[in-house]
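1. What shape does this take:
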Amino acid sequence: MRIATWNVNSVNARLPTVLAWLEAANPDVVCFQEIKCVDEKFPREAFESLGYNVETHGQKTYNGVAILSKFPLSDIRRGLPGDDADEQARYIEALIEAPVPVRVASIYLPNGNPVGTEKFPYKLAWFQRLHDHAKALLAYEEPLALCGDYNCILTPDDAAKPEDWVNDALFQPETRAALNAMKWLGLSDAHDLGGEPKGTYTFWDYQAGAWQRNNGIRIDYALLSPQATDRFRGIETHRDARDMDKPSDHVPVVVDLDLEA
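-> I've put the predicted structure just below:
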């Protein structure tokens with residue numbers, strides 16, 4: 001099973017680019033972030049024509065997540081538990097009914113900037129809710145992939161210029177500690193499992209020639225349960241997608257799992 005995660009930065013604005021990448025890469029499961037549309041405006045038919053089942057958790061203009069799968073989807077969860085008042089569409093989860101079922105989540109962590117505002121505590125609280133839910137999911141002892149844009153630069157090696165990020169919410173000690181706490185639950189970073197080299201980035205800003213200067217950061221992750229880690233076969237960060245027509249500022253990350261029973 002090939003599982004892709006991609007912050008598409010508006011699915012409707014980049015639909016031809018997204019469809020072209022899907023046709024070339026042919027992943028079995030896709031986790032989108034920042035679809036930036038309500039469910040009714042998601043271009044479902046375009047993806048169904050490629051053989052995908054589609055589940056969305058959308059929101060007008062901002063945020064929004066989706067899961068596409070060539071296998072049936074069940075046990076859908078829209079929204080992260082722990083705060084009934086949270087209306088931001090940042091989490092969707094489904095059981096992929098493959099011969100060996102895999103539970104997959106598409107995650108869009110809050111950015112948290114500026115640090116001195118209410119946005120940073122919201123980010124940390126959201127991270128704690130994700131931690132608590134991940135702990136509950138791990139109790140199922142099944143293959144699990146928590147994929148998405150975590151808005152976290154975990155180590156200095158995950159930024160071309162870490163000194164530029166010291167005051168940013170993505171690189172604060174609390175943010176990095178929150179992601180490490182996820183790993184301490186027993187989740188493995190597919191980037192580490194696959195031995196991707198330093199300088200494997202997933203985001204380049206549109207400003208200041210960041211792409212041309214390779215001034216990137218790694219903030220998109222696939223965290224795998226022990227049962228998924230046992231089936232891990234490889235990872236590929238599709239850097240070339242950043243050079244496509246009307247690209248997202250993020251690129252897809254694709255994880256391969258061996259699901260032979």
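
2. which regions of the protein lie under the pLDDT threshold?
-> 261 (pLDDT under 70).

3. all strands for it, in order.
-> 2-7, 29-33, 53-57, 65-69, 73-78, 91-96, 102-108, 144-149, 188-189, 220-224, 232-237, 253-257 (DSSP state E).

4. Pick the most deeply packed of those strands.
-> Comparing the strands of the chain by mean neighbour count (mean count of other CB atoms under 10 Å), strand 29-33 ranks first with a mean of 30. For the C-beta atoms, the positions are set from N, CA and C on the backbone; glycine is no exception.

5. contacting residues around Ala134?
-> By CB atoms under 8 Å, 6 or more residues apart in numbering, the contact set of Ala134 is 146, 182, 185, 187, 223.

6. so what's Lys36 closest to, chain neighbours aside?
-> In space, not counting the residues next to it along the chain, Lys36 is nearest to Ser10; the distance is 4.3 Å by CB to CB, 6 or more residues apart in numbering.

7. My error: substitute Leu170 in the last question.
-> Ile153 (5.0 Å).

8. Neighbours of the one you found, how many?
-> Summarising burial for Ile153: neighbours were counted as other CB atoms under 10 Å, giving 24.

9. who touches it in this structure?
-> 159, 162, 165, 168, 170-171, 175-176, 217-219.

10. so of the residues you listed, which ones are in helices?
-> With DSSP state H as the criterion, helices contain 175-176 from among those.

11. Counting neighbours, what do you get for Cys152?
-> 26.

12. Next, the contact list for it, please.
-> Contacts here follow CB under 8 Å, 6+ apart; on that basis Cys152 touches 109, 170-171, 175-176, 178-179, 219, 221.
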